[in-house]
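In: The following comprises the amino acid sequence and a computationally predicted model.
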Amino acid sequence: MKFAEVNTQTTCRAGMAAILAVLAIGLTTSGCGKESAATPGKLPGSPAEVGVVVVQPQHVTLTTELVGRTSAFLIAEVRPQVGGIVRKRLFTEGSDVKAGEVLYEIDPTSYQAAYNSAKASLARADANVIPARLKAERYKELVKINAVSQQEYDDVSASFSQSEADIEVAKAALETARINLAFTKVVAPISGRIGRSTVTEGALVTASQTAALATIQQLDSMYVDVTQSSSELLKLKQNLAAGLMKNAKAQARVRLILEDGSAYPLPGVLKFSEVTVDQSTGSIILRAVFPNPKQTLLPGMFVRAVLEEGVNDHAILVPQRGVSRNAKGDAMVMTVGADDKVEVRPINVARTVGDNWLVSGGLQSGDRVILEGLQKARPGSPVKAVPFVSASAAPSAAPASTAGKK
């Protein structure tokens with residue numbers, strides 16, 4: 001009995017092993033069938049697919065970004081033109097003032113007295129001229145009949161002329177006294193925003209003193225002064241002379257980027273450039289004017305100005321992702337030739353324009369530059385060129401296909 005049981009178990013185990021072997025062979029055969037079924041769909045000799053962009057000349061406005069600072073359109077330092085004690089301050093610090101508005105009042109007592117004295121002197125000169133004129137008129141008739149000598153007539157005439165001159169002197173003195181009296185009221189020379197006051201009531205000020213009483217700045221428009229190296233200016237002139245670009249408008253537009261990276265909404269206009277190069281920095285100063293109605297710009301702000309340098313009507317741009325460098329550092333691109341084979345093309349790049357390179361030589365209109373599939377492209381190998389679609393354009397296509405399904 002025991003021998004029969006052992007025999008039966010051995011037979012069962014052998015049967016199970018045989019079944020497992022058959023299943024394994026079936027699975028292997030099934031997998032090979034799938035692989036052989038997939039293999040006919042793939043063409044090992046077919047060319048690799050690459051994404052290309054066709055080079056086309058474009059109209060491009062070339063710009064340059066320069067750093068600079070803002071300054072007020074008009075600045076006026078308020079100083080006294082007569083000396084005395086400040087009796088009143090008539091403005092609020094940090095407020096807007098109008099031209100001609102009284103800011104300070106200097107004690108006018110002594111200047112009022114001088115004005116009254118000059119006025120009295122003029123009245124006395126007017127009074128003295130009357131008898132001198134009458135006497136000169138009488139002597140004029142008497143000298144004709146030899147009633148008086150010619151010398152006496154000449155003396156009377158000279159006295160009359162001197163009296164008339166005394167009137168003019170008195171008038172000038174009165175005008176001077178009036179001006180000095182008016183200067184006791186210190187007025188705003190321009191309209192704008194006034195800063196802090198450097199003096200208080202009771203302070204002694206002197207005529208044309210070095211320290212300003214206050215400073216007024218006009219902020220409705222703002223200057224932006226930026227610096228550009230003289231080498232960049234020379235290169236720009238060479239490009240213009242070679243015909244690589246044309247001059248922008250006489251007053252080129254300027255855009256502004258603020259300290260926080262945001263763009264200033266209103267464009268400015270380039271006014272002028274210095275004619276002298278700074279010997280210490282080798283740069284020149286360019287000045288632009290920006291409207292500032294909301295007074296967003298304040299004097300002394302650090303900004304970046306984007307200036308229009310010129311216009312290139314036949315610019316060739318290549319995305320930066322398609323440009324590589326060889327061992328010597330020279331720029332080159334992979335192109336698809338007329339026979340659909342990969343070619344290595346050395347190019348000359350002038351500058352970046354956004355995320356593109358501005359190509360100055362090596363490419364022509366109609367050339368196909370490889371942007372995608374560069375790892376599969378080998379010089380001289382055949383490829384299948386398809387239009388390159390950027391990653392940013394892919395998401396916009398997905399909702400459209402979904403909407404079509406709905």
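Out: Yep, that arrived. Quick caveat, the model's predicted, so the values are computed rather than measured.

In: can we go C-alpha only for contacts and neighbour counts from here?
Out: Noted.

In: Please report the residue range of the longest strand in this protein.
Out: Counting residues, the longest strand found in the chain (DSSP state E) is strand 58-78.

In: Now do the same contact list for the residue nearest the centre of the chain.
Out: Geometric centre of the chain, nearest residue: Ala305, 2.6 Å, by Cα atoms, centre = their mean. By Cα atoms under 8 Å, 6 or more residues apart in numbering, Ala305 lies in contact with Glu65, Leu66, Val67, Gly68, Val226, Val254, Arg255, Leu256, Ile257.

In: Also Gln81?
Out: With Cα under 8 Å, 6+ apart, Gln81 has these contacts: Phe183, Thr206, Ala207, Ser208.

In: Among these, name the buried ones.
Out: When the contacts of Gln81 are checked for burial by 16 or more other Cα atoms under 10 Å, the buried set is Phe183.

In: quick check, nearest of the contacts of Gln81 to Pro267?
Out: Ser208 (39.5 Å; Cα to Cα).

In: quick check, the closest one in a helix?
Out: No. Judged by DSSP: H, G, I helix; E, B strand; the rest coil, Ser208 forms no part of a helix; its state is coil.

In: Can you tell me the closest non-neighbouring residue to it?
Out: Gln81 (5.4 Å; Cα to Cα, 6 or more residues apart in numbering).

In: Can you tell me the SS state at the one you found?
Out: Relying on three-state DSSP, one would call Gln81 coil.

In: Next: Leu234.
Out: Under three-state DSSP, Leu234 falls in the helix class.

In: so how many other residues sit close to it?
Out: Leu234 sits with 11 neighbouring residues when counted by other Cα atoms under 10 Å.

In: Quickly note the distance from it to Glu65.
Out: 17 Å (Cα to Cα, to the nearest Å).

In: before we move on, what about Lys271?
Out: With Cα to Cα as the criterion, Lys271 and Glu65 are 17 Å apart.

In: any low-confidence regions in the stretch 151-300 of the chain?
Out: For the stretch 151-300 of the chain, the stretches flagged by pLDDT under 70 are 236-251.

In: mind giving me the domain split of this protein?
Out: The chain breaks down into these domains under automatic domain parsing: 50-60+315-389, 62-72+220-311, 80-105+187-211, 108-183.

In: Count the residues that sit near Thr64.
Out: Neighbour tally, Thr64, other Cα under 10 Å: 15.

In: Check it and give its pLDDT.
Out: The confidence metric pLDDT takes the value 81 at Thr64.

In: Wait, it touches Leu307, no?
Out: Yes. Applying Cα atoms under 8 Å as the test, Thr64 and Leu307 come out as touching, 5.4 Å apart.

In: Can you name the helix or strand that Ser324 falls in?
Out: Element membership for Ser324, per DSSP states H and E: strand 323-325.

In: So which residues make contact with whichever helix or strand comes after that strand?
Out: Using DSSP H and E, the helix or strand that directly follows strand 323-325 along the chain is strand 331-336. Strand 331-336 is contacted by residues 322-326, 342-349, 367-370, 374, 377, 383, 385 when judged by Cα under 8 Å, 6+ apart.

In: Now, of those, which are buried?
Out: Buried members of the contacts of strand 331-336, counted by 16+ other Cα under 10 Å: 322-323, 342-343, 346-347, 349, 367-370, 377, 383, 385.

In: Which two among those residues are spaced furthest apart?
Out: It's Val349 and Val383 that sit farthest apart of the buried ones among the contacts of strand 331-336, by Cα to Cα, at 25.9 Å.

In: Report whether Asn312 is found in a strand, as I expect.
Out: Yes. Applying three-state DSSP, one finds Asn312 inside a strand.

In: what number of residues lie near it?
Out: The local packing of Asn312 (other Cα under 10 Å) involves 19 other residues.

In: that older thread, show me the buried ones among the contacts of strand 331-336 that map onto strands.
Out: Val323, Val342, Glu343, Pro346, Val349, Arg368, Val369, Ile370, Val383, Ala385.

In: which SS class is the residue nearest to the last one when sequence neighbours are not counted?
Out: Pointing back at Ala385 there. Leaving aside its chain neighbours, Ala385 sits nearest to Val50 (5.2 Å; criterion: Cα to Cα, 6+ apart). Secondary structure, three-state DSSP: Val50 is strand.

In: which residues touch Val50?
Out: By Cα under 8 Å, 6+ apart, the contact set of Val50 is Ile370, Leu371, Glu372, Gly373, Leu374, Lys376, Ala377, Val383, Lys384, Ala385, Val386.

In: looking at it, the second one is touching Arg321, isn't it?
Out: Okay, so that is Leu371. Yes. If you go by Cα under 8 Å, Leu371 and Arg321 touch, sitting 6.5 Å apart.

In: who does the closest residue to Gln218 other than its chain neighbours bridge with?
Out: Excluding the flanking residues, the one nearest Gln218 by Cα to Cα, 6+ apart is Gly192, at 4.2 Å. On the basis of DSSP bridges, Gly192 is bridged to Val97.

In: my guess is Gly192 meets Val97, correct?
Out: Yes. Contact criterion Cα under 8 Å: Gly192 and Val97 qualify, at 5.6 Å.

In: Quick check: closest non-adjacent residue to Lys294.
Out: Leaving aside its chain neighbours, Lys294 sits nearest to Asp220 (7.9 Å; criterion: Cα to Cα, 6+ apart).

In: Is that neighbour located within a strand, as I assumed?
Out: Yes. The assignment for Asp220 by three-state DSSP puts it in a strand.

In: Report the contact partners of it.
Out: Phe73, Pro291, Asn292, Pro293, Lys294, Gln295 are the contacts of Asp220 under Cα under 8 Å, 6+ apart.

In: Going through the residues you listed, which ones are buried?
Out: Buried members of the contacts of Asp220, counted by 16+ other Cα under 10 Å: Phe73, Pro291, Asn292.

In: quick revisit: quick check: mean pLDDT of the strand holding Ser324?
Out: Averaged across strand 323-325, pLDDT comes to 89.
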